[in-house]
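# pasting the structure only:
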């Protein structure tokens with residue numbers, strides 16, 4: 001489930017720029033944090049218009 005959430009958030013996180021993926025991963029335990037960071041980096045290039053919207057994610 002962590003990987004699915006990271007994939008959905010990746011385009012939004014990438015659009016923010018900076019080291020936000022690293023900041024997110026640091027706040028998690030090591031194993032899930034590494035997985036989230038890997039997924040955020042892998043899916044950062046996904047088109048933002050194809051990613052779930054913030055209301056859909058929060059919904």
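Good, I have the coordinates. Values in this document were obtained by computation on a predicted structure and should not be read as measured data.

# The helix or strand harbouring residue 31: how far from the chain's middle?
With elements taken from DSSP states H and E, the one containing residue 31 is helix 30-42. In this view, helix 30-42 has its centroid 8 Å away from the chain centroid, taken as C-alpha atoms, centre = their mean, to the nearest Å.

# and residue 36, how many neighbours?
Using other C-beta atoms under 10 Å as the criterion, residue 36 is surrounded by 23 other residues. All C-beta spots, glycine's among them, are computed from the backbone N, C-alpha and C.

# distance of the closest residue to it other than its chain neighbours from residue 40?
Residue nearest to residue 36 in three dimensions, not counting chain neighbours: residue 6, with 4.6 Å by C-beta to C-beta, 6 or more residues apart in numbering. Between residue 6 and residue 40 the computed distance is 5 Å (C-beta to C-beta, to the nearest Å).

# ditto for residue 57
As for residue 57, its distance to residue 40 is 14 Å (criterion: C-beta to C-beta).

# More neighbours: which of those two?
Comparing residue 57 with residue 40 by neighbour count (other C-beta under 10 Å), the higher total belongs to residue 40, at 22 against 12.
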